[in-house]
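Peer 1: Coordinates only, no sequence provided:
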């Protein structure tokens, strides 16, 4: 198995950090305020303190938040955390990738961006819509099947782009039409270890 590059290691951290809706919610609070303790996060997010504490520890281990100060509270020590600068870099990276243009960041970075977008959608109820779907298939392919799948995925990508262009044209012609913003994901990757 090949050694993991620094970029891939960051992507794995991002996926782990943002792969759970509670972590996304905690990061959103910490991004919007200077400091917050697990007790404050628990109260604000209406999540049990033990659950918040677990996710805060994981986010700290992954390097997304850091302990900023300790405060004495009625015989106990309250820990206050802040978001680390890495969040601004992730936000800028995600914003750059949401233009609809082909990505120059590579598949690993795109997979991390997909994980962030999906985690955010879960937190905001984006998968509650009737048309929402998330499908996954693991398939065994011979060389001919692999080529056939690549061609099918290229046709799917072209169809999605055509549909988006046609929709943009119709939206431009109709002042009454309300746009529906969604994310469409196409991923194809080898199973780890193969």
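Peer 2: Yep, that arrived. Just so you know, these numbers come straight off a predicted model, no measurement behind them.
Peer 1: what stretches of the protein score poorly on pLDDT?
Peer 2: 1-19, 85-106, 108, 120-124, 129, 192-194 (pLDDT under 70).
Peer 1: And the residue nearest the centre of it?
Peer 2: residue 116 (0.5 Å; Cα atoms, centre = their mean).
Peer 1: buried sites along stretch 62-79?
Peer 2: Using 16 or more other Cβ atoms under 10 Å as the test for burial, stretch 62-79 gives 62, 64-65, 79. The C-beta positions use only the backbone N, C-alpha and C, and glycine is treated the same way.
Peer 1: need these in CSV with distance to residue 55 and secondary structure, can you?
Peer 2: Output for those, formatted as CSV (distance: Cβ to Cβ, whole Å; DSSP: H, G, I helix; E, B strand; the rest coil):
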residue, distance to residue 55, secondary structure
62, 10, coil
64, 11, coil
65, 10, strand
79, 14, strand
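Peer 1: In TSV: the residues you listed, plus distance to residue 28.
Peer 2: Listed next are these as TSV, based on distance: Cβ to Cβ, whole Å:
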residue	distance to residue 28
62	16
64	12
65	12
79	19
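Peer 1: which of those residues lies closest to residue 167?
Peer 2: Nearest to residue 167 out of these is residue 64 (Cβ to Cβ; 35.7 Å).
Peer 1: Please enumerate the helices of this protein.
Peer 2: Assigned by DSSP state H, the chain shows helices spanning 6-18, 21-32, 38-45, 49-61, 86-97, 107-124, 143-173.
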